[in-house]
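Colleague: show me how the following folds:
(2 chains)
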Amino acid sequence: MINIVKRRYLYFAISLIVILPGIAALLVWGLPAGIDFSGGSLLEIRFNSTLPETDRVLDILSGFGFSDAKIQTAGSDKLLIRTKVMDEGTLASILAGIETEFNADIELDRFESVGPSIGKEVAVRAAGAVGLAALGILLYITYAFRGVKHAFRYGVAAIMAMLHDVIVVLGVEAIFGHFLGWEADSLFLTALLTIIGFSVHDSIVVFDRIRENERINRKLPYETIVNMSIVQTLARSINTQLTVMITLLSLVLFGGSTIRHFVLILLIGVFSGTYSSIFNASPILVVWENQEWKTWFKRSPA
Amino acid sequence: MKRNQRWTIPILILLALSIYINLPNNPGIHLGSFDKDLKIQLGLDLVGGVQALLEADLPPDVEVTKENMQTARRIIEDRVNGLGVSEAVVQIAGDRRILVELPGQRDPEQALSTIKDTALLEFVDFGDLSNQEASLLYNTKINTDYQTSSDLNESDSLSSEGPVFHTVMTGASIKQVGVSKNALGKYLVVFELTPEGSQIFKEYTTNNTGKLLAIVLDNEVISAPRIEEPITAGRGSISGNFTAETANNLSIQLRYGALPVPLKVVQTETIGPTLGEDSLEKSLRAGIIGLSVVMLFMALYYRLPGIIADLALLLYALLTLALFRLIPVTLSLPGIAGFVLSIGVAVDANVLIFERMKEELRAGNSLKKAISLGWDRAWPSIRDSNISTLITCIILYWFGSIFGASIVKGFSLTLAIGVLVSLFTAVTATRTFLHLLLDNIKFTKHPKLFGV
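Modeller: Sure, this is the predicted structure:
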């Protein structure tokens, strides 16, 4: 039988190697807040003729007091413009301005505008929603495993694995935000919460097996039981991950551009969720059972 | 019928029902007062349109009553209907916000000015119209000479034909309004006018006693009381067949021009029609491809049970889509993503069961016993893991409701429906199918069918 639990510190190290750059990116660059959270306006303009130079578009925007607008090209025929809050009247004038200046045939594919105060409130409540979801799940697991010794540990281990996935996703978002201009919007939040659900889903399947094996094999050491449970559920973990990833991958490859970012984040999160439930959540139970932290900083006997 | 197969008939009935509901040209269900079109409703991000979130423009410590928000919602709904948008949605989000969704609307500027404008209240001269003629005009739109001609051209909702009535004065002349009862116990709407208003009203009512004076809100006739005596002191009352509620509604409309709470736009989103169409086509294709590959994988890896799981998966897709039509669920892009994702979840329950079944088969159990054991032992995992997903869905739905973030709401609703339906199809339906087919097959003769 493969011994996953034995190499637990190797797998913890792998997690750390993935997480640390993300945490660094979060600390240095921060999470790129989209207008849903920071307030502002977003314009997506499609040109049925050639795209104009962004500098010249900025000149037009500056004329309306939006000199700090950020302009990006998206695809071969679109401009994405982010500004502070813009009203609909100004929008119409700006569109007319672009049309005449470049003699262009344009279409407004998307216009979003969020007041700064509501953005802030959404951000605060979003953090609350994540916290609440975590709490609800912790309570449920403690309840569902109430017959098992140390039921609370299972809840905490599942939450730690979940936090692992949350940090991975936040870190990736921060890194991609910096280099590719991704922004965290309410869809990102939706993806994050879904990942939380899935991560816990995976952990529970393994925990459930531990619960069952403990009942059948009372004499075996805990470490062996945990490893046995991970290995027995390995085929399920991998197959389920495969099917979810197949559906997500088909959305990335064939779905529209609007949700590509959302689906990519889900894909990364689901992968991380499976990893953490196999290689982190259950091994954490073993670390806890053996109280290994007592020996972490001691020199091993020579 | 054997215990293992008792679900056969209910499953067949559900299958037939869901196929019927999913027929492309379904006529809907129309039984007496029960009226339902069984169409998939597409969200703004798929058909294009304008969405706006309005918030009570009052200091945070000022409480906004539910009744006021309800009244505001109804008035906005009336205005929005004037835009001629079909399937517009106006709903209250949280305590002090109203969400407006206008599918198919192209021009955000026009839409928002219609929503935001304070309604125009006019007192209109109905000339020599009789009571009966006037009552025919109740709740219809009329033209008045107060509006400039350019306004008339812009707004499609006003008919360019029909008589143009004379506006005596507008709501700007009203100072105070209230509800009271007369000596007979009938409800009255009483009002007080500004000094200028009093002067206009005094002249007009003196010259037109006995005629009808219409109260017109946003061009719609809401009432046409008779001038019973000249109103000279700047105070008057409107009598009619009021109940406490209708009298109160009229007084609210008179007092605030229309909206009982001032509203400001805090968020807008406009999606062009091409972007929506493109997204719909692409995500549908992605969904079909994803579903096919997953089915192929299941059949190849789990053989016969896999094919049965595939049948259950098709049943799952049919049932879920039927529920979307029945409830109805407005399908947005994230909603489709939630649906596609839930295909993966639906398969998970089967994967859990089949892996377990294989173990029991390897341990030398009979097929029948392996199926039963597989289900019983996999069930706690399936239950606990799905409940945790449902907890997340509930929190997401709550979050989406407060902010009128219908995409978040749509996603959590479709995912939750998917989880619940998959519990039924992956657990009950697959089990019934398997028993129906396999109770008489000896596993020892065909181990390959099970991929063992």
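
Colleague: just the strands in the stretch 101-250 of chain A please.
Modeller: A:106-114 (DSSP state E, counting those that start in this stretch).

Colleague: quick one: contacts for the residue in the stretch 51-200 of chain B positioned nearest to chain A?
Modeller: Closest residue of the stretch 51-200 of chain B to chain A, Cβ to the nearest Cβ: residue B:109 (4.0 Å). Quick note: C-beta positions are derived from backbone N, CA and C, even for glycine. For residue B:109, the contacting residues are A:88-89, A:91-92, by Cβ atoms under 8 Å, 6 or more residues apart in numbering or on different chains.

Colleague: how about it, secondary structure?
Modeller: Under the three-state scheme (DSSP: H, G, I helix; E, B strand; the rest coil), residue B:109 adopts helix.

Colleague: same question, residue B:419
Modeller: Strictly by three-state DSSP, residue B:419 counts as helix.

Colleague: so who does the residue nearest the centre of chain A touch?
Modeller: With distances taken as Cα atoms, centre = their mean, residue A:169 lies nearest the centre of chain A, 3.3 Å away. Contacts for residue A:169 were tallied using Cβ under 8 Å, 6+ apart; they are A:191-192, A:195, A:265, A:268-269, A:272.

Colleague: can you tell me how far it is from chain B?
Modeller: 14 Å (Cβ to the nearest Cβ, to the nearest Å).

Colleague: if we can go back for a sec, now render the contacts of residue A:169 as CSV, adding distance to residue B:206 and pLDDT.
Modeller: Output for the contacts of residue A:169, formatted as CSV (distance: Cβ to Cβ, whole Å; pLDDT from 0 to 100):
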residue, distance to residue B:206, pLDDT
A:191, 70, 86
A:192, 70, 86
A:195, 74, 86
A:265, 72, 93
A:268, 78, 94
A:269, 76, 94
A:272, 81, 95
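
Colleague: between those, which has the most around it?
Modeller: residue A:191 (28 neighbours; other Cβ atoms under 10 Å in any protein chain shown).

Colleague: and it, how far from chain B?
Modeller: Taking Cβ to the nearest Cβ, one finds residue A:191 at 9 Å from chain B.

Colleague: pretty sure that residue contacts residue A:269?
Modeller: Yes: here residue A:191 reaches residue A:269: they are 6.6 Å apart, a contact under Cβ atoms under 8 Å.

Colleague: circling back to that earlier point, how about the contacts of residue B:109 in a markdown table, adding neighbour count?
Modeller: Below are the contacts of residue B:109 laid out as a markdown table (neighbours: other Cβ atoms under 10 Å in any protein chain shown):
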| residue | neighbour count |
| --- | --- |
| A:88 | 22 |
| A:89 | 12 |
| A:91 | 21 |
| A:92 | 15 |
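
Colleague: go through these and name the one nearest chain B.
Modeller: residue A:88 (4.0 Å).

Colleague: ok, residue B:306 - how many residues close by?
Modeller: Neighbour number of residue B:306 under other Cβ under 10 Å is 21.

Colleague: tell me, how many neighbours does residue 53 end up with?
Modeller: Since no chain was named, I'll use chain A. Neighbours of residue A:53 (other Cβ under 10 Å): 10.

Colleague: other chain: chain B
Modeller: 25.

Colleague: next one: the one 4 residues further on
Modeller: By the criterion of other Cβ under 10 Å, residue B:57 has 13 neighbours.

Colleague: now do the domain split for chain A, please.
Modeller: Using automatic domain parsing, the domains assigned to chain A come out as A:8-34+A:118-296, A:40-113.

Colleague: so where's chain A uncertain?
Modeller: A:299-302 (pLDDT under 70).

Colleague: at 50 instead, please
Modeller: Along chain A, the model assigns pLDDT under 50 to residues A:302.

Colleague: show me where it has helices.
Modeller: Secondary structure of chain A (DSSP state H): helices located at A:8-28, A:35-38, A:54-63, A:88-102, A:116-144, A:151-180, A:186-216, A:222-254, A:260-276, A:282-290, A:293-296.

Colleague: same deal with chain B?
Modeller: Assigned by DSSP H, chain B shows helices spanning B:8-22, B:44-47, B:66-81, B:108-116, B:131-137, B:149-154, B:195-207, B:244-256, B:273-326, B:333-362, B:367-402, B:406-422, B:430-438.

Colleague: which parts of the second one are buried?
Modeller: Taking 16 or more other Cβ atoms under 10 Å in any protein chain shown as the basis for neighbour counts, the residues of helix B:44-47 that come out buried are B:44-47.

Colleague: and the fourth one, by the same measure?
Modeller: Neighbour-count burial for helix B:108-116, counted by 16+ other Cβ under 10 Å, picks out B:108-112, B:114-116.

Colleague: dump it to CSV, keeping only the CA atoms.
Modeller: Written as CSV, here are the backbone C-alpha positions of helix B:108-116 (Å, rounded to 0.1, in the frame of the first residue of the first chain):
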residue,chain,number,x,y,z
PRO,B,108,-28.9,52.6,-20.5
GLU,B,109,-29.4,56.3,-20.6
GLN,B,110,-33.0,56.2,-21.5
ALA,B,111,-33.7,53.3,-19.2
LEU,B,112,-32.2,55.0,-16.2
SER,B,113,-33.8,58.4,-16.8
THR,B,114,-37.1,56.7,-16.9
ILE,B,115,-36.5,54.9,-13.6
LYS,B,116,-34.9,57.8,-11.8
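
Colleague: tilt between that helix and helix B:66-81?
Modeller: Here helix B:108-116 points in a direction 140 degrees away from that of helix B:66-81 (axes from the mean of the first three to the mean of the last three Cα atoms, to 10 degrees).

Colleague: rank the helices of chain B by pLDDT, which is bottom?
Modeller: In terms of average pLDDT, helix B:149-154 trails the rest of the helices of chain B, at a mean of 39.

Colleague: can you tell me the residue of the stretch 351-452 of chain B closest to chain A?
Modeller: Proximity of the stretch 351-452 of chain B to chain A (Cβ to the nearest Cβ) peaks at residue B:392, 3.6 Å away.

Colleague: what sits against that residue?
Modeller: Residue B:392 neighbours (Cβ under 8 Å, 6+ apart): A:133, A:136-137, A:193-194, A:196-197, B:412.

Colleague: make it 10 Å
Modeller: With contact set as Cβ atoms under 10 Å, 6 or more residues apart in numbering or on different chains, residue B:392 has these partners: A:129-130, A:132-134, A:136-137, A:193-198, A:200-201, B:412, B:415-416, B:419.

Colleague: got it, and residue B:213?
Modeller: B:123-126, B:134, B:168, B:201, B:204-205, B:223-227, B:231, B:236, B:238 are the contacts of residue B:213 under Cβ under 10 Å, 6+ apart.

Colleague: any idea how far it is from chain A?
Modeller: Counting by Cβ to the nearest Cβ, the gap from residue B:213 to chain A is 36 Å.

Colleague: my read is that residue B:401 contacts residue B:409, right?
Modeller: Yes: using Cβ atoms under 10 Å, residue B:401 is in contact with residue B:409, at 6.1 Å.

Colleague: tell me the two of the buried residues of helix B:44-47 that are most distant?
Modeller: Maximum pairwise distance among the buried residues of helix B:44-47 (Cβ to Cβ): 8.1 Å, between B:45 and B:47.

Colleague: list residues touching both of the two?
Modeller: What both residue B:45 and residue B:47 touch, as defined by Cβ under 10 Å, 6+ apart, is the set B:271, B:276, B:279-280, B:332.

Colleague: now distance to residue A:282 and neighbour count too, for the residues you listed, in JSON lines please.
Modeller: As requested, those are exported to JSON lines (distance: Cβ to Cβ, whole Å; neighbours: other Cβ atoms under 10 Å in any protein chain shown):
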{"residue": "B:271", "distance to residue A:282": "45", "neighbour count": "27"}
{"residue": "B:276", "distance to residue A:282": "45", "neighbour count": "26"}
{"residue": "B:279", "distance to residue A:282": "40", "neighbour count": "23"}
{"residue": "B:280", "distance to residue A:282": "42", "neighbour count": "19"}
{"residue": "B:332", "distance to residue A:282": "37", "neighbour count": "26"}
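
Colleague: most widely separated two among the residues you listed?
Modeller: Greatest spacing in those, by Cβ to Cβ: B:271 and B:280 (11.4 Å).

Colleague: if anything else comes up later, I'll come back, but that's it for now.
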